[in-house]
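In: coords below, sequence missing:
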């Protein structure tokens, strides 16, 4: 059950999670690491879990740059959360979902976006 709760939490990214007005009002009082995390949530307009393709899809704002370092950090944190469910899911012959982005109707694999950015 814990693994499914972690997956549900990972699939709950988006603007609705932390209203932008809270960041605007109290942003300077939020620790830098947390502020970056919530700023990244502002670039995600919603998210969905596709159990068939095993993907958590972050639907990016039309103006968001997928290479944004805050979004990259959110991707890494979410992937680590999902990976933490691996051993539990493997018992049921399941694998944790992967994170992908959707923007303008196109799907992007963040790992490829960031690999190209680093020149790998």
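Out: Happy to help now that I have it. Small disclaimer: the values here were computed from a predicted structure and weren't measured. Numbering: from 1, shown residues only.
In: and the helices in the chain?
Out: In the chain, the helices defined using DSSP state H lie at 2-10, 20-26, 32-41, 69-83, 86-91, 110-118.
In: deepest in the core, which of those helices is it.
Out: Most buried of the helices of the chain, by mean neighbour count (mean count of other Cβ atoms under 10 Å): helix 69-83, with a mean of 18. Using the backbone N, CA and C atoms, a C-beta is placed for each residue, glycine as well.
In: just name the shakiest helix or strand of this structure by mean pLDDT.
Out: helix 20-26 (a mean of 67; mean pLDDT, DSSP states H and E).
In: centre of this protein to the edge, which residue is at the far end?
Out: residue 91 (25.0 Å; Cα atoms, centre = their mean).
In: state the distance from that residue to residue 82.
Out: Separation of residue 91 from residue 82 (Cβ to Cβ, to the nearest Å): 16 Å.
In: then residue 24?
Out: 30 Å.
In: same question for residue 100.
Out: Distance from residue 100 to residue 82, by Cβ to Cβ: 12 Å.
In: got it, and residue 99?
Out: Here the criterion is Cβ to Cβ. By it, residue 99 lies 7 Å from residue 82.
In: do the same with residue 94
Out: For residue 94, the distance to residue 82 - Cβ to Cβ - is 12 Å.
In: hang on, the earlier thing: which neighbours do residue 100 and residue 82 have in common?
Out: Common contacts of residue 100 and residue 82 (Cβ atoms under 8 Å, 6 or more residues apart in numbering): residue 56.
In: now the residue most central in space within the chain, nearest residue through space, not along the chain?
Out: A centroid search over the chain (Cα atoms, centre = their mean) returns residue 75, at 4.5 Å, as the residue closest to the centre. Nearest non-adjacent residue to residue 75, counting by Cβ to Cβ, 6 or more residues apart in numbering: residue 110, 4.5 Å away.
In: per-residue pLDDT of residue 59, please?
Out: If you check residue 59, the pLDDT there is 94.
In: now the weakest link among the helices of the chain, please, by mean pLDDT.
Out: For those, where the average pLDDT is lowest is helix 20-26, sitting at a mean of 67.
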